[in-house]
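K.L.:
Got a predicted structure plus its sequence, pasted below:
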Amino acid sequence: MLVFAFLFAASENGGGEYYASLPLPPFAPTRLTMHILMPIEYAMYIYVFACLIAKRKFKTEFILLIVINLLSLACVVVLFVFHLEFIATFIMFAVLAFGVIEFFKLCMFKKGYLPFLITLGINTYLTVVMIFISMKG
């Protein structure tokens, strides 16, 4: 999870000018807000992963966490490197869909679902922002 956090930060770094040039909705996060939200999100991922390891039942949940993080990273690369807002929006929808599946799996597992709800909320917020960006762009 720390590797994903580092790759996310490295791929987003330098995209501030491009982000500021996007047609942002009034509720869009600032760069400072994103630098606060992303560590919270990755801290929750680490906590959920630790809960899964403690119970020793984590094969499908672990794979879903990896898929969610790979898609999040792909979304950042597509948005900040290739400047394809519409494709980044679809990737965020996939992140959200896999996040909902992971949430329900964690609810059945009865461990780590409340912290994951925070990450699901952050991803929902970012998906709504991406929808507005791609609709105006």
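P.N.:
Yep, it's here.
K.L.:
and the end-to-end length of stretch 19-39?
P.N.:
19 Å (C-alpha to C-alpha, to the nearest Å).
K.L.:
Buried ones in it, by neighbour count?
P.N.:
Tyr19, Leu22, Ala28, Pro29, Met34, Leu37, Met38 (16 or more other C-beta atoms under 10 Å). Using the backbone N, CA and C atoms, a C-beta is placed for each residue, glycine as well.
K.L.:
pLDDT on it, on average?
P.N.:
In this model, stretch 19-39 has a mean pLDDT of 85.
K.L.:
who does the host helix or strand of Met108 touch, helix- and strand-wise?
P.N.:
Assigned by DSSP states H and E, Met108 falls within helix 85-109. Helices and strands touching helix 85-109, as assessed by 3 or more C-beta pairs under 8 Å, 6 or more residues apart in numbering; DSSP states H and E, comprise helix 31-55, helix 59-80, helix 113-136.
K.L.:
now the angle from it to helix 31-55?
P.N.:
In terms of direction (axes from the mean of the first three to the mean of the last three C-alpha atoms, to 10 degrees), helix 85-109 departs from helix 31-55 by 30 degrees.
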